[in-house]
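**Student:** Next comes the sequence, and after it the predicted model I'd like to discuss.
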Amino acid sequence: MANSIKRQLVVVFVGLIAMLLSVVFIVNSIFLGDYYIIHKKSDMIEMYRMIDAAITTGNVVEEEQQKEIAWRSESANISMIVVARDGEHNLQLVLYTEQFREVLSTELFGYITGQNMGEELDGEDNYTFYKSGEPLNRGTLYLEMFGTLSDGALFLLRSPLESIRDSAALANKFLAYVGIAALVFGAWFVWFFSQKITNPLLELAVLSKRMANLDFDARYTGSGKDEIGILGESFNIMSQKLETTISELKKANHQLQKDIEQKEKIENMRTEFLGNVSHELKTPIALIQGYAEGLKEGISEDAESREFYCDVIMDEANKMNHMVKNLLTLNQLEFGSEQLEVERFDVIRLIRGVIASCEILIQQAEASVDFIAGEAVYVWADEFKAEQVFRNYLTNAIHHVAREKRIEIRVIPKGDIVRITVFNSGAPIPEEDIGKLWDKFYKVDKAHTREYGGNGIGLSIVKAIMESFHQKYGVCNYDNGVEFWFELDSKDVTIHGLTDREL
């Protein structure tokens with residue numbers, strides 16, 4: 001995670017350490033020298049006061065006093081020389097650092113004569129501070145304090161500044177090593193410690209996602225007693241309560257939705273059924289009424305005409321009877337009131353039986369039927385309803401066959417599925433009509449459908465049956481005709497929670 005708390009903690013902590021080390025490095029490089037000079041000035045002033053007091057009181061000749069002055073000089077790394085005036089031009093050494101006696105004498109003489117004045121810094125009435133270089137080695141800088149004591153004696157105190165440069169460089173180098181070690185260790189420590197915080201948070205995040213997906217088996221497993229542990233325990237309590245509440249709501253909602261859908265379905269089916277029946281019965285009723293009135297009024301006197309009138313009346317009555325039966329069948333299928341009787345049967349045998357029963361229609365249409373199939377193919381379905389589907393497809397093909405008058409039937413095993421196709425040569429179905437074929441009473445060619453007695457219900461029955469099977473069905477256009485197809489399961493299936501064997 002690019003924005004994880006763990007990564008942010010490490011970045012912030014490492015950045016803080018790096019910033020502090022950088023600040024220390026910069027301050028050490030820039031201000032350490034000035035601080036050293038200020039500190040060294042303070043040491044020199046103390047040294048000046050000690051020497052002035054010793055000389056003023058006359059204790060400078062005492063061995064104890066000299067040792068204390070020498071110790072102070074050595075501990076502060078300050079070399080000194082003090083001379084008293086003996087007459088107008090004679091000078092007498094009072095105190096000095098033996099190691100630098102000659103150098104300090106030369107340096108003091110330069111200050112007295114004004115020939116060896118260094119860079120003046122600051123001072124008081126009795127003394128002045130200078131930054132000066134070694135006469136023989138101008139690369140080495142010193143802090144020097146030149147002036148007079150209370151009794152008029154001249155003094156020069158000197159301390160090297162070169163050591164501060166070495167100290168600063170050494171300190172910066174040491175800080176670099178320590179800083180790298182601190183960054184590595186600090187990053188590892190924060191990374192390790194942040195896991196104690198981020199791991200429980202990540203667990204809670206996963207838990208919340210599972211709860212959002214209604215997985216209420218998710219539980220926080222952390223054992224901490226801190227704020228995160230309390231939050232995790234609250235998640236667990238919330239999960240339990242949500243599971244109980246949502247379960248109750250789902251039950252109530254499911255029952256309510258079921259009742260509403262059932263009521264709406266019944267009402268819609270009633271309204272639709274009445275509307276469809278009244279619409280579809282108008283034409284046959286009008287024909288029956290017209291021909292019956294003609295018979296009553298004696299319009300046709302000859303027996304042949306009366307027989308024709310009676311045939312029309314009987315034909316229209318048969319169509320009405322067939323249509324009403326189909327409507328009742330369709331409504332029962334859509335309403336789900338019919339129970340499926342799933343069994344294993346040979347679909348090849350079923351197809352051959354339907355073809356044989358439709359032989360008269362095939363001959364009347366002057367069509368040829370090619371049944372392309374192998375040996376027995378067994379499927380699981382309601383055999384009676386599967387026969388209705390195939391019969392509707394076959395009769396539909398017979399009524400619409402054209403051109404070379406050819407009907408081709410195939411049974412194609414495809415793994416656990418068997419596809420049955422019924423192709424008839426003729427004009428393809430317009431693309432805008434394909435999606436409406438399965439609607440009740442929809443007719444692509446109304447005149448032709450009326451001619452052979454169709455009422456647009458057959459494909460609606462196919463749709464209802466196949467949906468009750470939970471299997472696929474459809475239609476495909478070709479350049480030379482149309483193919484309708486449906487699929488049946490060749491393995492054990494489950495219908496409404498029961499296996500086919502249980503059904």
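**Tutor:** Sure, I can see it.
**Student:** what residue ranges in the stretch 251-400 of the chain score low on pLDDT?
**Tutor:** Applying pLDDT under 70 to the stretch 251-400 of the chain flags the ranges 269-270, 272-284, 287, 299-301, 315-316, 318-320, 322-338.
**Student:** Quick one: mean pLDDT over stretch 28-36.
**Tutor:** Stretch 28-36 comes out with an average pLDDT of 73.
**Student:** Which residues belonging to stretch 29-36 are considered buried?
**Tutor:** Leu32, Gly33, Tyr36 (16 or more other Cβ atoms under 10 Å). Yep, even glycine has a C-beta here, placed from its N, CA and C like the rest.
**Student:** Tabulate the CA atom coordinates of that stretch in CSV.
**Tutor:** The C-alpha coordinates for stretch 29-36 follow below in CSV (Å, rounded to 0.1, in the frame of the first residue of the first chain):
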residue,chain,number,x,y,z
SER,A,29,30.0,23.4,10.8
ILE,A,30,28.9,27.0,11.0
PHE,A,31,28.6,28.0,14.6
LEU,A,32,31.0,25.7,16.5
GLY,A,33,34.0,27.9,15.6
ASP,A,34,32.3,31.0,16.9
TYR,A,35,31.1,29.2,20.1
TYR,A,36,34.6,27.9,20.6
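**Student:** just how off-centre is that stretch within its chain?
**Tutor:** 54 Å (Cα atoms, centre = their mean, to the nearest Å).
**Student:** Tell me, how many residues neighbour Asn321?
**Tutor:** For Asn321, the neighbour count with other Cβ atoms under 10 Å is 11.
**Student:** what helix or strand is it on?
**Tutor:** helix 303-335 (DSSP states H and E).
**Student:** Number of residues surrounding Val103?
**Tutor:** 16.
**Student:** any idea which helix or strand comes after the longest strand seen in the chain?
**Tutor:** Ranked by number of residues, the top strand in the chain under DSSP state E is strand 137-148. Per DSSP H and E, the first helix or strand lying C-terminal to strand 137-148 is strand 154-160.
**Student:** So in that sheet, which strands flank that next one, and in what orientation?
**Tutor:** In the sheet, strand 154-160 lines up against strand 79-86 (antiparallel), strand 137-148 (antiparallel) (DSSP bridges).
**Student:** residues of it that come out buried?
**Tutor:** Result for strand 154-160 [16+ other Cβ under 10 Å]: buried residues Leu154, Phe155, Leu156, Leu157, Arg158, Ser159, Pro160.
**Student:** Tell me which residues touch the fifth one, please.
**Tutor:** Spelled out, it's Arg158. Ile78, Ser79, Met80, Phe100, Leu104, Glu107, Ser132, Tyr142, Leu143, Glu144, Met145 (Cβ atoms under 8 Å, 6 or more residues apart in numbering).
**Student:** ok, these vs Gly415, which is closest?
**Tutor:** Leu143 (98.7 Å; Cβ to Cβ).
**Student:** Run a quick neighbour tally on the closest one.
**Tutor:** Using other Cβ under 10 Å: Leu143 sits among 23 other residues.
**Student:** Surely it and Ile37 touch.
**Tutor:** Yes: between Leu143 and Ile37 there is a contact under Cβ atoms under 8 Å: 6.0 Å.
**Student:** what sits in contact with each of the two?
**Tutor:** Leu161.
**Student:** so is Phe486 in a helix, a strand, or just coil?
**Tutor:** strand (DSSP: H, G, I helix; E, B strand; the rest coil).
**Student:** do the same with Met238
**Tutor:** Applying three-state DSSP: Met238 is helix.
**Student:** what does the model give the nearest residue to it once chain neighbours are set aside for pLDDT?
**Tutor:** Once flanking residues are discounted, Met238 sits nearest to Met211: 7.7 Å by Cβ to Cβ, 6 or more residues apart in numbering. Note for Met211: predicted pLDDT of 71.
**Student:** quick one: what helix or strand has Met211 in it?
**Tutor:** helix 162-212.
**Student:** That helix versus strand 137-148: what angle between them?
**Tutor:** Here the directions of helix 162-212 and strand 137-148 differ by 110 degrees (axes from the mean of the first three to the mean of the last three Cα atoms, to 10 degrees).
**Student:** packing partners for helix 162-212?
**Tutor:** helix 5-57, helix 227-297 (3 or more Cβ pairs under 8 Å, 6 or more residues apart in numbering; DSSP states H and E).
**Student:** hmm, back to that, which is the next helix or strand following the helix holding Asn321?
**Tutor:** Using DSSP H and E, the first helix or strand after helix 303-335 is strand 342-346.
**Student:** okay, the helix or strand just after that next one in PDB with CA atoms only?
**Tutor:** The helix or strand immediately downstream of strand 342-346 is helix 347-357, counting by DSSP H and E. Extracted C-alpha coordinates of helix 347-357, given in PDB (Å, rounded to 0.1, in the frame of the first residue of the first chain):
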ATOM      1  CA  VAL A 347     -34.600 -37.600 -27.200                       C
ATOM      2  CA  ILE A 348     -34.000 -39.300 -30.600                       C
ATOM      3  CA  ARG A 349     -37.000 -41.600 -30.000                       C
ATOM      4  CA  LEU A 350     -39.100 -38.600 -29.000                       C
ATOM      5  CA  ILE A 351     -38.200 -36.600 -32.200                       C
ATOM      6  CA  ARG A 352     -38.900 -39.600 -34.500                       C
ATOM      7  CA  GLY A 353     -42.300 -40.000 -32.900                       C
ATOM      8  CA  VAL A 354     -43.200 -36.300 -33.400                       C
ATOM      9  CA  ILE A 355     -42.000 -36.400 -37.000                       C
ATOM     10  CA  ALA A 356     -44.200 -39.400 -37.600                       C
ATOM     11  CA  SER A 357     -47.200 -37.700 -36.100                       C
END
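**Student:** what are the ranges of the strands in the stretch 351-500 of the chain?
**Tutor:** Listed in chain order, the strands of the stretch 351-500 of the chain (DSSP state E, counting those that start in this stretch) span residues 368-372, 378-382, 406-414, 417-425, 473-478, 481-489, 494-495, 498-499.
**Student:** Relative to the third one, what are the paired strands and their orientations?
**Tutor:** The pairing partners recorded for strand 406-414 under DSSP bridges are strand 368-372 (parallel), strand 417-425 (antiparallel).
**Student:** can you give me the angle the first one makes with helix 347-357?
**Tutor:** In this case it means strand 368-372. 170 degrees.
**Student:** and strand 368-372, C-alpha only, in CSV?
**Tutor:** Provided in CSV are the C-alpha atoms of strand 368-372 (Å, rounded to 0.1, in the frame of the first residue of the first chain):
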residue,chain,number,x,y,z
SER,A,368,-38.7,-33.0,-47.0
VAL,A,369,-37.4,-33.6,-43.6
ASP,A,370,-33.8,-34.6,-42.9
PHE,A,371,-33.2,-35.9,-39.4
ILE,A,372,-29.5,-36.0,-38.8
